[in-house]
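> can't give you the sequence, but here's the structure:
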Ligand code: ADP
């Protein structure tokens, strides 16, 4: 299996995609599949790759004078990884998709065309004489072109699988630049990559992969509807049963309250006192009042409209009225960042906000909070609520996508693991927060929910088994 993607935790991460690309390949390997990754040669990746050697000189491509395929091992997981060393396209500061000021790189089409093109050639057995995959698994629009190149030049036995991690990011480019891709002209039509007078690279995966997946069963149904399809629901519906949902897992090596170096003390379902110490430490760190009896709501998120942070700001009076506290860690939309900072200044000791990206603080926040908030408008899978479940931090989520698939509302006393609301409105969120704060004051039922949440099997092994079954279907189909 060859996994082609633009990010991998902990080297390059902008969101849940990086966590998936770090954890799914090792889970497939544990299940017996020979699995490798293909990544763009971003500085953090090339510089960290261990035992690296050149596999082949590809030569000039997509404007880069020198392109070399290297092979090595990822530092923490020791997974075999191919890296496309193309300094002209990849060796620069800033992020994987944008410069340091948040502006998209102007040559993203070339940068991600190269990723897809190399993936397709590797899949065809043309780049590494010693290895070729049976399945190429491409993730999100960044790697989607691999599926189009493979469809344009079918060779060998390799089949493609494409996973949508976030349909809102489709990789839009000028249609006039289609010629740069070197694909047959028919691939530039609406039945190919064209989307309302532009190119949408995501469509390369949706149209040409043998199988299309997304990261939860509920989201697989949602994306076939106009409400969640971002204009591509028709394409998804046309693929019919080729589209399915496989729920992500939690990497227990990274997210485990019993062995988490970021925490002041470890804890588990049988030793919950440690969690209270984590809460005290977090309140101290955030400058929140040191009150054990105040329910502490946490949020770790990209700050975008998707994540419902505006709903949270509008529902803040209900949260404060219930005697609860709020700690937000996030970055993104400048207006949301400013509004959160204003709320923190207006309510010292009760609301705290840290603007930025901080992996260790994310661990401390998820461990030390009583409730993890995920009030998303849409959520393909969502990882923070799953981390919350593992850490006994009960999720308060909207009933969408993977949130609906992973959290059972407190109303179902025998199975409850959190709190679920329906409408994307401040009122519905306010009601849910009041319900949650009330439930927090009944410690026996709350602790029963915590234990049930912590006992839930969220390992990647179940997902790996589902992907292997899907790969077998794709190879046979
Ligand atoms: P998405 O991929 O849409 O951003 P997910 O819930 O799937 O949402 O994954 C988000 C990942 O990014 C989680 O691992 C979460 O802990 C992490 N994360 C988001 N924002 C921050 C931040 N400001 N600091 C640290 N980690 C963050």
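Yes, it's here. Just so it is clear, the model here is predicted, and its values are computed rather than measured.

> C-alpha only now, for contacts and for neighbours.
Will do.

> which residue packs closest to the closest residue to the ligand within the stretch 1-150 of the chain, ignoring adjacent ones?
Closest residue of the stretch 1-150 of the chain to the ligand, CA to the nearest ligand atom: residue 16 (3.3 Å). Once flanking residues are discounted, residue 16 sits nearest to residue 383: 6.6 Å by CA to CA, 6 or more residues apart in numbering.

> Just give me the neighbour total for that neighbour.
By other CA atoms under 10 Å, 22 other residues sit near residue 383.

> Report the separation between it and the ligand.
In this structure, residue 383 and the ligand are 4 Å apart, going by CA to the nearest ligand atom, to the nearest Å.

> Same question for residue 167.
When residue 167 is compared with the ligand (using CA to the nearest ligand atom), they lie 10 Å apart.

> who's in contact with that residue?
202, 229-230 (CA atoms under 8 Å, 6 or more residues apart in numbering).

> Just the buried residues of the residues you listed.
202, 229 (16 or more other CA atoms under 10 Å).

> okay, the contacts of residue 167 in a markdown table with secondary structure next?
Listed next are these as a markdown table, based on DSSP: H, G, I helix; E, B strand; the rest coil:
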| residue | secondary structure |
| --- | --- |
| 202 | helix |
| 229 | coil |
| 230 | coil |
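
> near the ligand, which residues of this protein?
15-17, 300-302, 329-331, 356-359, 362, 382-384 (CA under 6 Å from any ligand atom).

> Buried ones from those, can you make that a PyMOL selection?
Only the buried entries of the residues of the chain next to the ligand go into this PyMOL selection, using 16+ other CA under 10 Å:
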select buried, resi 15+16+17+300+301+302+329+330+331+357+362+382+383+384
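
> Looking at the residues of the chain next to the ligand, which are in helices?
16-17, 359, 362, 384 (DSSP state H).

> Which members of those residues are the farthest-apart pair?
The span of those, defined through CA to CA, is set by 17 and 362 at 16.5 Å.

> Sort out which residues of the helix or strand containing residue 337 are buried, please.
Per DSSP states H and E: residue 337 is located in helix 334-346. Applying a neighbour-count criterion of 16+ other CA under 10 Å, one finds 336-337, 340-341, 343-344 buried in helix 334-346.

> okay, the residues you listed in TSV with distance to residue 271 and pLDDT next?
Shown next, in TSV, are those (distance: CA to CA, whole Å; pLDDT from 0 to 100):
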residue	distance to residue 271	pLDDT
336	37	98
337	36	98
340	34	98
341	35	98
343	35	98
344	32	98
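
> List just the nearest of those residues to residue 88.
residue 337 (33.6 Å).

> For my notes, please list the buried residues of helix 334-346 in CSV and give distance to residue 418 for each entry.
Listed next are the buried residues of helix 334-346 as CSV, based on distance: CA to CA, whole Å:
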residue, distance to residue 418
336, 26
337, 27
340, 25
341, 27
343, 26
344, 26
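
> Which single one of these is nearest to residue 400?
residue 336 (22.0 Å).

> residue contacts, that closest one?
With CA under 8 Å, 6+ apart, residue 336 has these contacts: 303-304, 309-310.

> Just the ones of these in strands?
Judged by DSSP state E, the contacts of residue 336 include residue 303 as members of strands.

> most neighbours, which of the contacts of residue 336?
Going by other CA under 10 Å, residue 309 tops the contacts of residue 336 with 25 neighbours.

> Could you pull up the contacting residues of the residue lying closest to that one once chain neighbours are set aside?
Sequence neighbours aside, residue 303 is the residue nearest to residue 309 in space, at 6.7 Å (criterion: CA to CA, 6+ apart). Going by CA under 8 Å, 6+ apart, residue 303 touches 309, 330-333, 336-337.

> The same query, at a cut-off of 6 Å, please.
330-333 (CA atoms under 6 Å, 6 or more residues apart in numbering).

> Turn the residues you listed into a markdown table, columns for pLDDT.
What follows is the contacts of residue 303, written out as a markdown table (pLDDT from 0 to 100):
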| residue | pLDDT |
| --- | --- |
| 330 | 98 |
| 331 | 96 |
| 332 | 94 |
| 333 | 95 |
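
> which one of those sits closest to the ligand?
Of the contacts of residue 303, the one sitting nearest to the ligand (CA to the nearest ligand atom) turns out to be residue 330, at 3.5 Å.

> Where does pLDDT dip in the stretch 1-150 of the chain?
Across the stretch 1-150 of the chain, nothing is flagged by pLDDT under 70.

> in it, which spans are strands?
Listed in chain order, the strands of the stretch 1-150 of the chain (DSSP state E, counting those that start in this stretch) span residues 2-4, 36-40, 50-57, 68-73, 80-85, 135-139.

> Could you chop the protein up by domain?
Following automatic domain parsing, one finds the domains of the chain at 2-249+461-476, 273-455.

> so which of those domains gets nearest residue 260?
Here domain 273-455 is closest among these (CA to CA), at 8.0 Å.

> Please report the separation between the first and final residues of that closest one.
17 Å (CA to CA, to the nearest Å).

> Over to stretch 310-320?
16 Å.

> Kindly report the same for stretch 247-258.
24 Å.

> contact partners of it?
23, 215-216, 266-268, 391, 458-460.

> Quick check: PyMOL command selecting the buried ones in these.
Applied in PyMOL, the following selects the buried portion of these according to 16+ other CA under 10 Å:
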select buried, resi 23+215+216+266+267+268+391+458+460
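
> now the helices for the stretch 51-200 of the chain?
87-90, 108-123, 140-152 (DSSP state H, counting those that start in this stretch).

> what's the last one packed up against?
When you say that, I think you mean helix 140-152. helix 108-123, helix 202-208 (3 or more CA pairs under 6 Å, 6 or more residues apart in numbering; DSSP states H and E).

> One more: the shortest one?
With contacts defined as 3+ CA pairs under 6 Å, 6+ apart, there are no secondary structure elements packing on helix 87-90.

> ok, and for it, which residues are buried?
Quick answer for helix 87-90 (16+ other CA under 10 Å): 87, 89-90.

> Identify the residues contacting it?
41-42, 64, 111.

> Centre of the chain to that helix, how far?
Remark: helix 87-90 is offset 25 Å from the chain centroid, using CA atoms, centre = their mean, to the nearest Å.
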